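Colleague: the sequence and its predicted three-dimensional model are supplied below.
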Amino acid sequence: MLIKKRPSWALSHSDVTPESVYLDRRRFMGGMVAAALAGAGVPRLVDAAALPIQGEPLEFTAMPGFSTDEEKTPYDDVTRYNNFYEFGTGKGDPAQYADEMSVDPWSVVVEGECDKPGTYALEDLVRPHDYQERIYRLRCVEAWSMVIPWIGIPLADMLKRFEPNSRAKYVYFETLHDPDQMRAQRSLFSTIDWPYQEGLRMDEAMNELSFMAVGLYGKTLPKQNGAPMRLVVPWKYGFKSIKSIVKIRFQEERPKTTWEMIAPQEYGFYANVNPEVDHPRWSQKRERRLPSGLLSPNWMETRKFNGYGEQVAHLYKGMDLTKYY
Amino acid sequence: MTISMLPFRILVFLLSCVPLALLVLDIATGSLGPDPGQTVTETLGLSALQLLIVTLLMTPLARWTHWAGWIKVRRMVGLFAFFYAMLHLMAFLQFILGWTDLWATFTKRPYIIFGSLAFLLLIPLAATSTKAMMRRLGRRWKPLHRLIYPAVALVWLHFIFQARSDITEMVIYGLVVVCLLAIRGYWFGWHSLVPLSTAKRG
């Protein structure tokens, strides 16, 4: 299900949007109207009655224009099935060991091509902004996917406050590197050269979909999901959405990213969800939407840009996406 | 040593069933997590590797303990390894591939090719594991069953080619396999590691 805020007449690149997405959109508009009638858009505290959701409750505004009405992946699965290799490569390792990480206090170093560099306390980074809730699809490069209600702020709003200058062509992000708190960083046979590093082109970072999340399911992020602050770039494979960020750097050259350094033939800088470009070790044509069952596997076709083509396809106009994967 | 074989056989049989029993229990109680197909496939594959290693352990154990009982259960453990490998392959086809994309998967992906070759090597071993086949093959039986050495090496490649970052676990498995093969080379001569060859030692 594709969600957009612009009316369809404002689109200039409808040629790249598959017909099925248009058909889906009609179905979705009905859902949006229903959501508006239900009072979405009014600030409220989430009602956590039935769910054993951890964390501090957050005040936020639901953003139906940036959400999907697909069935959400249950909280338990979102928080117990994670890739956060700083805590181990098993899907359950982060939930088991992320408690060894301390996230309070937390500060982020901002540096590089901007007029407001410095070390910012987390509160100073997020406090000036109103939180939004966006329900995004998350497509892992491993061919599984989830639907997650994130709480956070548009990445562009945060980055603009640092006043990036004209040489800022890319923005680089870095995860905490502290082997005392992150046990897998102590592993002898890890091929990852810590810290974990990611990056976006400036226009990708400024895209309206790019999101800096501080919570999910209405409360602050569990540590295994990248507390206290993580990126969410829903049209790219999950590994681009870097967790527990401690550094943001604006730079002129394209940053090297962690997975690109480990296996450049498998993971590119762009890492846009693309069913037409297989991972060398598996097909990307389909995905298992979690939770999936043994007897009734929840297979679905993977969509280009994870179904967010209308918002982001223009960023890659003229680029050979089989080369810039 | 006169340890009664039957209780020992039953014990080994039950122990070999444990990984499958745990998996069935997890399935029954729904505690496999949100991606059960992936978990089932991975668990079965790892059990197959572990049982292959246990199979390779039987000969050294028999020498160290001076007890032939280990050799008498070797076939059963080996057949269990094959059984788990078969379930693993079925799980992969059913839960991961959903019987789609077969050609590309089995021709283009190196780790799949390694795993498939390993499984192909194990088929004649399982098929010739009976007493009757041992008699029929005579002195050719042993060289044939040395195919377990390349098979376990291929299984290890199958795992290491899937590793994404941390290879600690597979480094440990690899060291164990190398030790188990090296000790055979040391005891029986390096030619004894060559499958299919019937050359006499010395």
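Modeller: The structure has been received and is ready for your questions. Residues are numbered from 1 along each chain as shown, chains lettered A, B, ... in the order given.

Colleague: so where do the strands sit in chain A?
Modeller: Ranges of strands in chain A, per DSSP state E, are A:44-45, A:59-62, A:107-112, A:118-121, A:132-139, A:144-154, A:170-175, A:197-201, A:211-216, A:219-220, A:230-232, A:245-251, A:286-289, A:299-301.

Colleague: lowest-confidence stretch among the ones you listed?
Modeller: Lowest mean pLDDT within these: strand A:44-45, at a mean of 34.

Colleague: and residue B:128, how many residues sit next to it?
Modeller: If you count neighbours by other C-beta atoms under 10 Å in any protein chain shown, residue B:128 ends up with 16. (Glycine included, C-beta is placed from N, CA and C.)

Colleague: that one: what's it in contact with?
Modeller: By C-beta atoms under 8 Å, 6 or more residues apart in numbering or on different chains, residue B:128 lies in contact with B:134, B:137, B:141, B:144, B:145.

Colleague: ok, now how distant is it from residue B:144?
Modeller: Distance, residue B:128 to residue B:144, by C-beta to C-beta, to the nearest Å: 6 Å.

Colleague: overlap in contacts, the two.
Modeller: By C-beta under 8 Å, 6+ apart, residue B:128 and residue B:144 have these common neighbours: residue B:137.

Colleague: how about residue B:146, nearest residue that isn't a chain neighbour?
Modeller: Leaving out its chain neighbours, the residue that sits closest to residue B:146 by C-beta to C-beta, 6 or more residues apart in numbering or on different chains is residue B:195, at 3.9 Å.

Colleague: find the centremost residue of the chain, please.
Modeller: Looking at chain A here, since you left the chain open. Geometric centre of chain A, nearest residue: residue A:232, 1.8 Å, by C-alpha atoms, centre = their mean.

Colleague: wrong one, chain B
Modeller: Centroid-nearest residue in chain B: residue B:52, 2.7 Å away (criterion: C-alpha atoms, centre = their mean).

Colleague: ok, now which ones touch that residue?
Modeller: Going by C-beta under 8 Å, 6+ apart, residue B:52 touches B:78, B:81, B:148, B:151, B:152, B:155.

Colleague: ok, back up a step: ranking the strands of chain A by burial, who's on top?
Modeller: Highest mean neighbour count among the strands of chain A (mean count of other C-beta atoms under 10 Å in any protein chain shown): strand A:211-216, with a mean of 26.

Colleague: if we can go back for a sec, so can I have JSON lines of the strands of chain A showing distance to chain B?
Modeller: As requested, the strands of chain A are exported to JSON lines (distance: least, C-beta to the nearest C-beta, whole Å):
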{"stretch": "strand A:44-45", "distance to chain B": "27"}
{"stretch": "strand A:59-62", "distance to chain B": "25"}
{"stretch": "strand A:107-112", "distance to chain B": "25"}
{"stretch": "strand A:118-121", "distance to chain B": "29"}
{"stretch": "strand A:132-139", "distance to chain B": "12"}
{"stretch": "strand A:144-154", "distance to chain B": "6"}
{"stretch": "strand A:170-175", "distance to chain B": "14"}
{"stretch": "strand A:197-201", "distance to chain B": "13"}
{"stretch": "strand A:211-216", "distance to chain B": "15"}
{"stretch": "strand A:219-220", "distance to chain B": "20"}
{"stretch": "strand A:230-232", "distance to chain B": "19"}
{"stretch": "strand A:245-251", "distance to chain B": "20"}
{"stretch": "strand A:286-289", "distance to chain B": "6"}
{"stretch": "strand A:299-301", "distance to chain B": "6"}
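
Colleague: out of those, which comes closest to residue A:81?
Modeller: Evaluated with C-beta to C-beta, the strands of chain A place strand A:144-154 nearest to residue A:81, the distance being 8.1 Å.

Colleague: which other helices and strands does that closest one contact?
Modeller: Applying 3 or more C-beta pairs under 8 Å, 6 or more residues apart in numbering or on different chains; DSSP states H and E, we find strand A:144-154 packed against helix A:75-80, strand A:132-139, strand A:211-216, strand A:286-289.

Colleague: now that strand: how far from the chain's centre is it?
Modeller: The chain centre lies 7 Å from the centre of strand A:144-154; the measure is C-alpha atoms, centre = their mean, to the nearest Å.

Colleague: same question for stretch A:227-246.
Modeller: Computed by C-alpha atoms, centre = their mean, the chain-centroid distance of stretch A:227-246 equals 5 Å.

Colleague: likewise stretch B:134-142?
Modeller: Put simply, stretch B:134-142 sits 21 Å off its chain's centre (C-alpha atoms, centre = their mean).

Colleague: thought residue A:83 was touching residue A:239?
Modeller: Yes: judged on C-beta atoms under 8 Å, residue A:83 makes contact with residue A:239 at a distance of 7.2 Å.

Colleague: which positions in chain B make contact with chain A?
Modeller: Counting by C-beta under 8 Å from any C-beta of the partner chain, chain B comes close to chain A at B:27, B:32-38, B:40, B:95, B:98, B:100-101, B:104-105, B:108-111, B:161-162, B:164-168, B:171.

Colleague: change it to 7 Å
Modeller: Residues of chain B lying near chain A by C-beta under 7 Å from any C-beta of the partner chain: B:27, B:33-37, B:40, B:95, B:98, B:101, B:104, B:109, B:111, B:164-168, B:171.

Colleague: check contacts around residue A:245.
Modeller: A:108, A:173, A:174, A:175, A:229, A:230, A:231 (C-beta atoms under 7 Å, 6 or more residues apart in numbering or on different chains).

Colleague: what pairs with it across the strands?
Modeller: With DSSP bridges as the criterion, the beta-bridge partners of residue A:245 are residue A:175.

Colleague: could you identify the helix or strand that succeeds the lowest-mean-pLDDT helix or strand in chain B?
Modeller: Taking mean pLDDT, DSSP states H and E as the measure, chain B has helix B:102-108 as its least confident helix or strand, at a mean of 92. The first helix or strand that comes after helix B:102-108 along the chain, using DSSP states H and E, is helix B:110-127.

Colleague: re the thing from before, contacts for the least confident helix or strand of chain B?
Modeller: Applying C-beta under 7 Å, 6+ apart, the external contacts of helix B:102-108 come out as A:283, B:97, B:112, B:116.

Colleague: starting at the chain centroid, how far to it?
Modeller: With C-alpha atoms, centre = their mean, you get 23 Å for helix B:102-108.

Colleague: so for the residue of the stretch 1-150 of chain A found nearest chain B, what's the nearest residue that isn't a sequence neighbour?
Modeller: Nearest residue of the stretch 1-150 of chain A to chain B, counting by C-beta to the nearest C-beta: residue A:77, 3.9 Å away. Distances taken as C-beta to C-beta, 6+ apart place residue B:34 nearest to residue A:77, at 3.9 Å, with adjacent residues excluded.

Colleague: so that neighbour makes contact with residue A:79?
Modeller: No: using C-beta atoms under 7 Å as the test, residue B:34 is too far from residue A:79 to be in contact (10.7 Å).

Colleague: residue ranges with poor pLDDT in chain B?
Modeller: B:1-3, B:198-202 (pLDDT under 70).

Colleague: and residue B:114, how close does it get to residue B:158?
Modeller: Counting by C-beta to C-beta, the separation of residue B:114 from residue B:158 is 4 Å.

Colleague: same check on residue A:141?
Modeller: Between residue A:141 and residue B:158 the computed distance is 20 Å (C-beta to C-beta).

Colleague: can you list the residues of the stretch 1-150 of chain A near chain B?
Modeller: For the stretch 1-150 of chain A, the residues in contact with chain B (C-beta under 7 Å from any C-beta) are A:77, A:80, A:81, A:85, A:89, A:91, A:144.
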